[in-house]
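Colleague: Kindly return the folded structure for what I paste below:
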Amino acid sequence: MQLRNVFVLFATFIVHLITTFGQHHGCVYIPHPKVQCNQEGGLDLCRNYCAAKNYPSGDCLTFPEMFRRCGLPATPDPGHGKSCICFTS
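Modeller: A predicted model of the protein is given here:
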């Protein structure tokens, strides 16, 4: 139980970093309930969601891919799969 709390805290911190700093590098993090990249057809859902919000493109990325692409410091992968990121340019 305690390990789960640490993971949730870590994941929340990572999401905060992406949300706060990623936008300066043309990235917009889309939370899991809206688009789930890990389900079948998730990449299409992500791209369609980004297009509907008038972003030029979107992709499903792991945390390390996301940080590299969005110009953030490297981070270990918490292992929950991929998340949807919309790109502003």
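Colleague: For T88, which non-adjacent residue is spatially closest?
Modeller: Nearest non-adjacent residue to T88, counting by CB to CB, 6 or more residues apart in numbering: G26, 4.5 Å away. Where you see a C-beta, it was placed from the backbone N, CA and C, and this is true even at glycine.
Colleague: actually M66, sorry about that
Modeller: I85 (5.7 Å).
Colleague: count of neighbours near the residue nearest to T88?
Modeller: 16 (other CB atoms under 10 Å).
Colleague: that older thread, find the helix or strand that the residue nearest to M66 is a member of.
Modeller: I85 belongs to strand 83-87 when assigned by DSSP states H and E.
Colleague: ok so, going back, show the pLDDT at the residue nearest to M66.
Modeller: At I85, the pLDDT value in this model is 91.
Colleague: That one contacts Y29, doesn't it?
Modeller: Yes: between I85 and Y29 a contact is recorded at 6.0 Å, counting by CB atoms under 8 Å.
Colleague: Between these two, tell me which one has more neighbours.
Modeller: I85 (26 against 21).
Colleague: who does the more buried one bridge with?
Modeller: Taking DSSP bridges as the rule, I85 bridges to Y29, D59.
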